[in-house]
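Colleague: here is the input, now give the coordinates:
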Amino acid sequence: MSKRKSSSTIDYDSHPSELVGSGVSTINSKVDIKQLRDKIPPHCFQPSYTKSIYYLSRDIMLAAVLGTVAHTGIPSLPSVYLRTIAWISYGYLQGLVLTGLWVLGHECGHMAFSPSQTLNDVLGFILHSSLLTPYFSWKSSHRRHHIYANNLAKDHNYVPPTRISYAESLLFQANRLEELTEDSPVVIIFRILIQQLLGFPWYLLTNITGSPGSLHRKRSDSFLGNSHFAPRSTLFRPEEAHLIIASDLGLLAMAGVLWYASESLGLPVVLLYIQPWLWVNNWIVAITYLHHTHPSLPKYEDEAWSFVRGATATMDRDFGWTGRYLFHGIIEYHVIHHLFSRIPFYHAEEATKAIVPLLGSHYHCDRNSSFLAGIWTAFTKCQWVEPDNEDAKPRDRVMWYKGGPSPPPEISMGRKSWSL
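Modeller: Numbers count the residues shown, from 1 in each chain. This is a model prediction of the structure:
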């Protein structure tokens, strides 16, 4: 596990071509994006139709087999207890498989599934719509998350508060934060359950984990003003409106399919689809949260941020066989994904091994903590951030997580209520 470094020893500073001229500051640059790219074998950047279609077909087959066996076999079990256990087991297992399909849709959104943008968008739209994720809407905001990862002013995902804003949320004096104790275990467990169950749909609805600077316009006070579902949302540029409408139509079409399956075909949609879909939401939140939330991961103010600094402030973890084969390595090889998001997942391990010697101690990896231990650490040790050196120049400051009780629940990006 990498340790904290002072700002003077974090020497990555570069940015992709799309950020050139954006005013990103230079900080004692020693490792840039070109040096990292040159370490990676060229074939790692080439998606394969054959491999990608194989994994897609495999996951669809697994989902179909599980659904068929559950629908035909579970109702015939002789005991209500056996049927209950079987349905719960099915929901968990199908949730793993469907999460893998969601990850393949995610690959499409990054143009990493195939060389064809049209095929990527068609398959991504189908896969994400079938899992009630607005494909083009999410693709747009997720792209900005990748561009501005771990930038406190502009990132979309899990942007922590600073000392002052955290203290204000607790109605506590900022200079006395160290006196606070952690929440009770019961409170922590409750907050974890709420985040894992509702976190992803609520993020899509409100952009709740994002910074106001992640928006294209000033934050809206209306209910859907910052959502992934409104064509005029502050999340999107005006020229993206037709794509947001297309995403919404995809969700409506899937809702129609579920209604028809329930009403006309008599399928137990709640058990066959809704139950595993809730597991998908859980895994999406958990994967994203654990990649970007750990006491040893830095965050950066806008003046100190650079693309490589932000991309490497990400944690690779280990989720065993499930992570590598069902989740397509998205947990195990996320640092390389942030540096080069068009590398297909089946080349991510090779590409990671190629750049780790160059990254050295700045490669963040936790192969030992369990999923539950990682969640617990994040919830108890990562509530707010402050710089390691208050006297450092803004361009040299690095922000680190601090622990404390969970702040009161928010409605949307720092808001406690809506103005309708």
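Colleague: CA only for contacts and neighbour counts going forward, please
Modeller: OK.
Colleague: hmm, who's touching the lowest-mean-pLDDT helix or strand in the chain?
Modeller: Ranked by mean pLDDT, DSSP states H and E, the weakest helix or strand in the chain is helix 163-169, scoring a mean of 86. Under the criterion Cα atoms under 8 Å, 6 or more residues apart in numbering, residues 173, 174, 177, 384, 385, 386, 407, 408 lie in contact with helix 163-169.
Colleague: how many other residues sit next to residue 353?
Modeller: Using other Cα atoms under 10 Å, residue 353 is surrounded by 14 other residues.
Colleague: just the buried residues of the contacts of helix 163-169.
Modeller: Using 16 or more other Cα atoms under 10 Å as the burial test, those include 177, 384, 385, 386, 407 as buried.
Colleague: quick one, phi psi at the last one?
Modeller: I take that to be residue 407. Backbone torsions of residue 407, given as degrees, to the nearest 10, read phi -70, psi 170.
Colleague: just checking, it touches residue 171?
Modeller: No: if you go by Cα atoms under 8 Å, residue 407 and residue 171 don't touch, sitting 9.7 Å apart.
Colleague: buried ones in the helix or strand residue 196 falls within?
Modeller: Assessed by DSSP states H and E, residue 196 sits inside helix 185-206. For helix 185-206, burial by neighbour count (16+ other Cα under 10 Å) applies to 188, 192, 195-197, 199-206.
Colleague: for these, which one is nearest residue 254?
Modeller: Taking Cα to Cα as the measure, residue 201 is the one of those closest to residue 254, at 15.6 Å.
Colleague: and the gap between the residue nearest to the closest one when sequence neighbours are not counted and residue 172?
Modeller: Using Cα to Cα, 6 or more residues apart in numbering and skipping the chain neighbours, the partner closest in space to residue 201 is residue 281 (7.6 Å). Distance of residue 281 to residue 172, computed by Cα to Cα, to the nearest Å: 33 Å.
Colleague: these two - which one has more neighbours?
Modeller: Taking neighbours as other Cα under 10 Å, residue 281 and residue 172 compare with residue 281 leading, 22 against 14.
Colleague: which SSE is residue 156 in?
Modeller: Counting by DSSP H and E, residue 156 is part of no helix or strand.
Colleague: isn't it right up against residue 207?
Modeller: Yes: the pair residue 156 / residue 207 is scored as a contact, 7.4 Å apart, by Cα under 8 Å.
Colleague: the more surrounded of those two?
Modeller: Neighbour totals were compared for residue 156 and residue 207, and residue 156 leads with 29 against 26 (other Cα under 10 Å).
Colleague: who's in contact with that one?
Modeller: Residue 156 makes contact with 141, 142, 144, 145, 149, 207, 209, 210, 211, 214, according to Cα under 8 Å, 6+ apart.
Colleague: residue 247: how many residues sit nearby?
Modeller: A count of neighbours around residue 247, defined by other Cα under 10 Å, yields 26.
Colleague: check the one 4 residues further on too.
Modeller: Summarising burial for residue 251: neighbours were counted as other Cα under 10 Å, giving 23.
Colleague: how close does it sit to residue 240?
Modeller: 17 Å.
Colleague: one more: residue 94?
Modeller: Applying Cα to Cα, the value for residue 94 to residue 240 is 33 Å.
Colleague: over to residue 310?
Modeller: Distance of residue 310 to residue 240, given as Cα to Cα: 26 Å.
Colleague: still on that earlier bit, after the helix holding residue 196, which helix or strand is next?
Modeller: Counting by DSSP H and E, what follows helix 185-206 is helix 241-263.
Colleague: what does that following helix contact?
Modeller: Helix 241-263 is contacted by residues 125-126, 129-130, 132-137, 228-232, 267-269 when judged by Cα under 8 Å, 6+ apart.
Colleague: got CSV for the contacts of helix 163-169, with pLDDT too?
Modeller: Shown next, in CSV, are these (pLDDT from 0 to 100):
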residue, pLDDT
173, 78
174, 77
177, 79
384, 90
385, 93
386, 92
407, 81
408, 75
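Colleague: the strands in the protein, which residues?
Modeller: 316-317, 365-366, 384-387, 399-402 (DSSP state E).
Colleague: who does the first one pair up with?
Modeller: Which is strand 316-317. In the sheet, strand 316-317 lines up against strand 365-366 (parallel) (DSSP bridges).
Colleague: how far off centre is the partner strand?
Modeller: Taking Cα atoms, centre = their mean, to the nearest Å, one finds strand 365-366 lying 17 Å from the centre of the chain it belongs to.
Colleague: by contact count, what packs against the helix holding residue 196?
Modeller: helix 275-292, helix 371-381 (3 or more Cα pairs under 8 Å, 6 or more residues apart in numbering; DSSP states H and E).
Colleague: if you skip the residues just before and after it, what's nearest to residue 202?
Modeller: Using Cα to Cα, 6+ apart, the closest residue to residue 202 is residue 208 (7.0 Å).
Colleague: rewinding a little: more neighbours: residue 94 and residue 240, which one.
Modeller: More neighbours surround residue 94 than the other of residue 94 and residue 240, with 26 against 15 (other Cα under 10 Å).
Colleague: state the pLDDT value of the nearest residue to that one once chain neighbours are set aside.
Modeller: Nearest non-adjacent residue to residue 94, counting by Cα to Cα, 6+ apart: residue 276, 5.6 Å away. What the model reports as pLDDT for residue 276 is 98.
Colleague: show me the contacts for residue 276.
Modeller: Contacts of residue 276 (Cα under 8 Å, 6+ apart): 90, 91, 92, 93, 94, 95, 96, 98.
Colleague: separation between the fourth one and residue 375?
Modeller: So the one you mean is residue 93. 21 Å.
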